[in-house]
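Student: Fold the following.
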Amino acid sequence: MDKPKIFIDLDGTILDISEKAWRVYRDIMKENGRKYVSKKLYLSFGKNGAPIKKIIQKSGDGSIYGTFIKEWKKKIENADYLVLDKLPGARRKMLSWLSENFEVVLITLRSLPKSTFLQLKERKIDKFFKRVLVVPAKNRVSGPKWKLKYKTIKRCGGYKDSIMIGDTGTDILAGKKLGMKTIGVLWGIRNKGVLKRYKPDFLVRTPKELKNAILKLRKTI
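Tutor: Below you'll find the predicted structure:
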């Protein structure tokens, strides 16, 4: 009998990307002779769902926005920055438990599939995924980001009676539009106030809470 399926996000949900995001932002601002806000303030903006344009404006000069976006795309998946991503032990254990009990599908909005697969292998977590879906820039469609994950999953199929796990509205909306149960994790890049707006079935603060939420949802599917 096939295992039930879990769809899970990578950046923020599995990997702690806070240091990488901060460094990329800081380095771009420095290289262009601009001021930048502290790491704490930068991350708090992100937690509250502020778009990067507003963060740049808070830094003192919104005119750099176009240049910033171009540089961000070049740097954010560069190997020199990817090494800054962290994998807390509790999340590794979470992945191990998920892979033992479910068919785990990773879906991430990244532009470079090759660097993504290499990072998973280097962190020794590639073995936990039955399938890895990377949505590269050339395949992206216009419109809200949730549509990118929605269309990718729908095209691949096999999502009936599944659960979507993620740390942003993108994940929750994509899952809901596909008829999945959804779980928002609060250790990622968005806070409770932001995620509540999307009405996930559960909001969890720890991997232990995530496990309990999954087990409860499985009884309702």
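Student: for the chain, what are the low-confidence residue spans?
Tutor: 1, 137-143 (pLDDT under 70).
Student: Could you rerun that using 80?
Tutor: 1-2, 59-61, 136-143 (pLDDT under 80).
Student: Domain-wise, how is it divided?
Tutor: 5-16+85-218, 18-82 (automatic domain parsing).
Student: dump the residue contacts of the residue lying closest to D126 once chain neighbours are set aside.
Tutor: Excluding the flanking residues, the one nearest D126 by C-beta to C-beta, 6 or more residues apart in numbering is L120, at 4.1 Å. In short, each C-beta sits where N, CA and C put it, glycine included. L120 makes contacts with L106, D126, F129, V132, as judged by C-beta atoms under 8 Å, 6 or more residues apart in numbering.
Student: Please determine how far L120 is located from D80.
Tutor: Going from L120 to D80 by C-beta to C-beta, to the nearest Å gives 18 Å.
Student: same deal with K176?
Tutor: As judged by C-beta to C-beta, K176 and D80 stand 37 Å apart.
Student: When those two are compared, which one has more neighbours?
Tutor: Of the pair K176 and D80, K176 is the one with more neighbours under other C-beta atoms under 10 Å, namely 18 against 11.
Student: For that one, grab phi and psi.
Tutor: phi -60, psi -40 (degrees, to the nearest 10).
Student: What count of nearby residues applies to the closest residue to K35 other than its chain neighbours?
Tutor: For K35, ignoring the flanking residues on the chain, the nearest one in space by C-beta to C-beta, 6+ apart is G60 at 4.8 Å. Around G60 sit 12 other residues, with neighbours defined as other C-beta under 10 Å.
Student: State the helix or strand in which G60 lies.
Tutor: Using DSSP states H and E, G60 maps to neither a helix nor a strand.
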